[in-house]
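Q: any chance you can model this:
(one chain, ligands or ions: 2)
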Amino acid sequence: MEENKQLGTAVVTGASSGLGEIFAERLAKRGYNLKLVARRKDRLDKLAAKLQSKYSIQVTNLVADLGSETDLENVVNNLKADKSITMLINNAGTSTLAPITATSVAKQKEMVDVNITALMLLSNTVLPHFIEKNEGVLINIASVLGFYSLPVSSIYSGTKGFVVQYTRGLQEELKGTNIRVQLVNPATTATEIWEVGGVPLSALDQSTIMTAEDCVDATLSGLDKGELTTHPSVNDQKIIDAYEDARNQLFGASQSGRPAERYLQN
Ligand SMILES: NC(=O)C1=CN([C@@H]2O[C@H](COP(=O)(O)OP(=O)(O)OC[C@H]3O[C@@H](n4cnc5c(N)ncnc54)[C@H](OP(=O)(O)O)[C@@H]3O)[C@@H](O)[C@H]2O)C=CC1
Ligand SMILES: CC(=O)[C@H](N)C(=O)O
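A: Ligands and ions are numbered 1, 2, ... in the order given. Below you'll find the predicted structure:
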């Protein structure tokens, strides 16, 4: 219990299945108390009971629809009042994979509300407290589709693109502090999100699918190594470095203050 007090409480959104459930398990094993957020109460209750008895930690469940303004406000108020929070994993996410003409406006908004608005407002809630203590860990789960778009992922990729740039911005803001902000870009992982999104995992190339356990363990290994951005399934570090270099070079090259020569030729 002494260790729990030191580690504090980790909040995991989307803990009722997939990556969130495994994050909860791994953090419980490390000795964190947990605050778990999702809509499916039965799943959260079962998980909380298991983790409490297995790891002698405290688990609180917040049953909430993060796409609902009222529920989100309740979660925000709960986190604001909880000074024991030392980690937030913004993991909850939803996906509908279809062309925009085949995606209802309600589904498009749901992706924006859960993947962007909730992630932003929950970050806003814990960060002032982390800044005050100069300590804390924020992990934002984006996706490879945050830097790549498919014909069926315009909205989903757009929401994850927000997560990528928002998280990079926070990393810049918090540079030099003791607050860790990790951006995670998983690729295809075997979870329910694919059924939710309308593309069954059975329709995919099976060799591209990672287990949820491997994805979470790679992410936490990246966190332990001090990585800012973790690509759980990218083996070749040189590709990651080249991508980061190209991104920085393109930004640098854009600061010329004049039209590129190719636009000056008649
Ligand atoms: N699996 C993959 O291939 C990849 C996943 N990701 C990202 O990983 C994260 C976790 O997803 P994953 O584990 O794969 O999928 P799951 O569908 O298994 O988990 C999604 C979690 O988010 C919760 N959630 C969804 N909508 C809401 C909502 N409105 N309010 C509250 N909670 C909600 C779900 O809980 P409940 O339904 O009970 O509310 C569930 O716990 C997501 O952000 C996803 O975008 C990124 C790249 C690849
Ligand atoms: C396409 C998906 O829905 C998946 N969650 C991903 O981010 O790759």
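
Q: where does the chain dip in pLDDT?
A: Where the chain drops to pLDDT under 70, the residues are 1-5.

Q: now do the strands in the protein.
A: Taking DSSP state E as the test, the strands found in the chain are 9-13, 33-38, 59-63, 85-90, 136-141, 179-184, 229-230.

Q: name every strand pairing with the last one and say which way it goes.
A: Within its sheet, and counting by DSSP bridges, strand 229-230 is paired with strand 179-184 (parallel).

Q: contact partners of the partner strand?
A: Among residues not part of strand 179-184, those counted as contacts by CB atoms under 8 Å, 6 or more residues apart in numbering are 127, 130-131, 134-142, 163-164, 167-168, 170-171, 174, 219, 222-223, 226-230, 232. Every C-beta, even on glycine, is put in place using the N, C-alpha and C of the backbone.

Q: of the residues you listed, grab the buried ones for PyMOL.
A: PyMOL command restricting the contacts of strand 179-184 to the buried ones, with burial defined by 16 or more other CB atoms under 10 Å:
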select buried, resi 127+130+136+137+138+139+140+141+142+163+164+167+168+170+171+174+219+222+223+227+229+230+232
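
Q: sorry, back to before: residue 99: which of the strands of the chain is closest?
A: strand 136-141 (24.6 Å; CB to CB).

Q: what are the pairing partners of that closest one, and which direction each?
A: strand 85-90 (parallel), strand 179-184 (parallel).

Q: that strand: how far from the chain's middle?
A: Using CA atoms, centre = their mean, to the nearest Å, the distance from the centre of strand 136-141 to the centre of the chain it belongs to is 7 Å.

Q: can I get the strands paired with strand 136-141 in CSV including distance to residue 60 and mean neighbour count?
A: CSV is the format used below for the strands paired with strand 136-141 (distance: least, CB to CB, whole Å; neighbours: other CB atoms under 10 Å):
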stretch, distance to residue 60, mean neighbour count
strand 85-90, 11, 24
strand 179-184, 23, 22
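
Q: what's the closest of these to residue 41?
A: Taking those one by one with CB to CB, strand 85-90 is closest: 19.6 Å.

Q: export the strands of the chain to TSV and tack on distance to residue 105?
A: Below are those laid out as TSV (distance: least, CB to CB, whole Å):
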stretch	distance to residue 105
strand 9-13	24
strand 33-38	24
strand 59-63	26
strand 85-90	24
strand 136-141	25
strand 179-184	29
strand 229-230	32
